[in-house]
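Asker: structure of the sequence below:
(chains A and B)
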Amino acid sequence: DSGVTQTPKHLITATGQRVTLRCSPRSGDLSVYWYQQSLDQGLQFLIQYYNGEERAKGNILERFSAQQFPDLHSELNLSSLELGDSALYFCASSPQGRSTEAFFGQGTRLTVV
Amino acid sequence: GIQVEQSPPDLILQEGANSTLRCNFSDSVNNLQWFHQNPWGQLINLFYIPSGTKQNGRLSATTVATERYSLLYISSSQTTDSGVYFCAARDYGQNFVFGPGTRLSVLP
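Answerer: Have a look, this model is predicted:
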């Protein structure tokens, strides 16, 4: 168990809908990262938050947004869903500082039908 | 941003064989990690190794930061080692970039 909790584990929804994925980082970790892994693809960095503020942005679509709350949990909001958004979405957390190990949650498998 | 390459892309082994997976990165990094993604999709931390050598059971890893590569060694492979192995590097701009992975299949 990495200590990073993601909910839900599985999500099936229709095109055009909006969903929210939740991530609770390891206790004390200030940084949260979101990644997308489409079928048989690598992991694409979406966005990073550090102590509530956006720190880095990757290939995140405008239909997607994220935030990190004062209790350090994070949510990834996906709207106007398309079939191509079906993927495994991972959250990772790491402690304060750059040279630190990141730990990943079990992921949320999103299926858009 | 930083580029991360891995080789080979695919590897098929008989149980008991040894293997070496390679990760090359394009720039200086302050974080290098190896992960194993099992068939159920879970990402398991193997090593946090920005430099030097570490060992954990049948697995070991070496990173030569000055030459911008890292190696993952798997000895006496088992069927449970099957899956995809990723390396990921964080540059000083904080982006944590994954390589494309090496898909390992260990046959009984």
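
Asker: helix, strand or coil for residue B:80?
Answerer: helix (DSSP: H, G, I helix; E, B strand; the rest coil).

Asker: what strand or helix carries the spatially closest residue to it that is not a sequence neighbour?
Answerer: Spatial nearest neighbour of residue B:80, chain neighbours left out: residue B:106 (7.8 Å); criterion: Cβ to Cβ, 6 or more residues apart in numbering or on different chains. C-beta coordinates here come from the backbone N, C-alpha and C atoms, glycine included. Secondary structure from DSSP states H and E places residue B:106 in strand B:102-107.

Asker: what's that strand in contact with?
Answerer: Residues from elsewhere that reach strand B:102-107 (Cβ atoms under 8 Å, 6 or more residues apart in numbering or on different chains): B:6-15, B:17, B:19, B:21, B:74, B:77-85.

Asker: try it again with 10 Å
Answerer: A:40, B:6-17, B:19, B:21-23, B:36-37, B:72, B:74, B:77-87 (Cβ atoms under 10 Å, 6 or more residues apart in numbering or on different chains).

Asker: which pLDDT does the model give the residue nearest to residue B:80?
Answerer: At residue B:106, the model reports a pLDDT of 96.

Asker: again, but for residue A:70
Answerer: pLDDT, read off for residue A:70, is 96.

Asker: list the contacts for it?
Answerer: Neighbours of residue A:70 in contact, by Cβ under 10 Å, 6+ apart: A:51-52.

Asker: run the last query once more with 8 Å
Answerer: residue A:52.

Asker: picking that back up, what sits opposite the residue nearest to residue B:80 in the beta ladder?
Answerer: The residues listed as beta-bridge partners of residue B:106 by DSSP bridges are residue B:13.

Asker: kindly report the residues of chain A close to chain B.
Answerer: Applying Cβ under 8 Å from any Cβ of the partner chain, we find that chain A lies next to chain B at A:2, A:33, A:35, A:42-43, A:45, A:48, A:55-56, A:58, A:88, A:90, A:92, A:98-104, A:106-107, A:109.

Asker: buried subset of those?
Answerer: A:2, A:33, A:35, A:42-43, A:45, A:48, A:55-56, A:58, A:88, A:90, A:92, A:100, A:102-104, A:106-107, A:109 (16 or more other Cβ atoms under 10 Å in any protein chain shown).

Asker: among these, which are in strands?
Answerer: Mapping these onto strands (DSSP state E) picks out A:33, A:35, A:43, A:45, A:48, A:55-56, A:88, A:90, A:92, A:103-104, A:109.

Asker: could you work out the most separated pair of the residues you listed?
Answerer: A:55 and A:109 (26.2 Å; Cβ to Cβ).

Asker: which of the residues in the worst-scoring helix or strand of chain B on mean pLDDT are buried?
Answerer: One helix or strand of chain B scores below all others by mean pLDDT, DSSP states H and E: strand B:96-98, with a mean of 88. Of the residues in strand B:96-98, B:96-98 count as buried by neighbour count, 16+ other Cβ under 10 Å.

Asker: which members of those additionally contact chain A?
Answerer: Contacts with chain A within the buried residues of strand B:96-98, counted by Cβ under 8 Å from any Cβ: B:96-98.

Asker: closest to residue B:59 among those residues?
Answerer: Of all those, residue B:98 has the smallest distance to residue B:59: 18.7 Å, by Cβ to Cβ.

Asker: residue B:34 reaches residue B:84, doesn't it?
Answerer: No. Counting by Cβ atoms under 8 Å, residue B:34 does not reach residue B:84; the two are 11.4 Å apart.
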